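# What shape does this take:
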Amino acid sequence: MEKVKISIVSYSNTIPFVHGIENSNCLSLDSFELSKDTPAICYEKIKNNEADIGLIPVATIPTLNNVEIISDYCIGSEGKVKSVILASHVPLKEIKQVYLDYQSKTSNQLVQILARLHWKQNFDFVFSKPGYENSINGNKAGVIIGNRALEIRDKFPYVYDLAGEWYDFTGLPFVFACWVQNKEIPIEFIDNFNNALQFGISKINMLTINKPALNSYLTKNINHFLDERKKEAIELFWMLNKNKA
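Below is the predicted model of the structure:
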């Protein structure tokens, strides 16, 4: 069998997954190739068949043909996630323009759903380029995700946690990314892959020794289990995005 090509998001929230894939012994090292990418690149690799398994933004799944969610694990949150935010120097009602994060379609769609249905605000959404965080000023806000959000969130007087806002709006958790395959992969490999992810999650405390902030983030803000409520949340998110006015 050829090596299975796996693309994973290279953010702090995937540290347990990476550890499990690379160190669990559930997968032989000669059975896979692991690349660490941004969410947008994970999506592109699955779309272009440059990867066989990918941790891709949930917003992109309906746009792809012949993909299937394969794992009981995901990147999700049961409330505030901390690492997906709308950052601003003014309160919501004073925001005029919102920069969308170039690294993730899911967060961009989420903020537009919240603006339309939850906050009842008519923002001017603009696409961003690297470094756009420095342009957030006055009545210009910005969606910031991943490690960048964790690093700079304290610089803004107004920070709206998008997963927390979704929970307030729907009463449901939120899922940012799921594991998918774009071709048939032997069930034995998929089982071993899931076992590797489970192993990594079981080692969070070991992986975050002397890193209390990271431990808190991975155990209190991130939830890695794709349960039925999260599947319900995914379906609702897809429906609200599809039905946008």
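
# contacting residues for the closest residue in space to Asn137 that isn't next to it in sequence?
Among residues not flanking Asn137 along the chain, His89 sits closest, at 6.1 Å (CB to CB, 6 or more residues apart in numbering). For every residue, glycine as well, the C-beta is placed using N, CA and C. By CB atoms under 8 Å, 6 or more residues apart in numbering, the contact list for His89 reads 136-138, 141, 156-158.

# Buried subset of these, written for ChimeraX?
The ChimeraX command for the buried members of the contacts of His89 (criterion: 16 or more other CB atoms under 10 Å) is given here:
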select :136,141,156
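
# got the contact list for Phe169?
With the criterion set at CB under 8 Å, 6+ apart, Phe169 makes contact with 114, 117-118.

# hang on, the earlier thing: show the model's pLDDT score for the residue nearest to Asn137.
pLDDT for His89: 97.

# State the distance from it to Pro157.
According to CB to CB, to the nearest Å, His89 and Pro157 sit 6 Å apart.

# Not counting sequence-adjacent ones, nearest residue to the most centrally placed residue in the chain?
With distances taken as CA atoms, centre = their mean, the residue of the chain nearest its centroid is Phe176 (3.5 Å). Excluding the flanking residues, the one nearest Phe176 by CB to CB, 6+ apart is Ile75, at 4.7 Å.

# all helices in this structure, in order from the N-terminus.
For the chain, the helices defined by DSSP state H occupy 15-23, 39-47, 105-113, 146-152, 162-170, 187-202, 204-207, 212-216, 228-242.

# Output these as JSON lines; include the columns mean pLDDT and distance to Ala59.
Converted to JSON lines, the helices of the chain look like this (pLDDT from 0 to 100; distance: least, CB to CB, whole Å):
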{"stretch": "helix 15-23", "mean pLDDT": "97", "distance to Ala59": "20"}
{"stretch": "helix 39-47", "mean pLDDT": "94", "distance to Ala59": "9"}
{"stretch": "helix 105-113", "mean pLDDT": "95", "distance to Ala59": "4"}
{"stretch": "helix 146-152", "mean pLDDT": "93", "distance to Ala59": "15"}
{"stretch": "helix 162-170", "mean pLDDT": "98", "distance to Ala59": "12"}
{"stretch": "helix 187-202", "mean pLDDT": "97", "distance to Ala59": "22"}
{"stretch": "helix 204-207", "mean pLDDT": "97", "distance to Ala59": "26"}
{"stretch": "helix 212-216", "mean pLDDT": "97", "distance to Ala59": "26"}
{"stretch": "helix 228-242", "mean pLDDT": "96", "distance to Ala59": "7"}
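
# how about a markdown table for those, with distance to Val126 added?
Below are these laid out as a markdown table (distance: least, CB to CB, whole Å):
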| stretch | distance to Val126 |
| --- | --- |
| helix 15-23 | 32 |
| helix 39-47 | 17 |
| helix 105-113 | 11 |
| helix 146-152 | 18 |
| helix 162-170 | 17 |
| helix 187-202 | 36 |
| helix 204-207 | 37 |
| helix 212-216 | 32 |
| helix 228-242 | 19 |
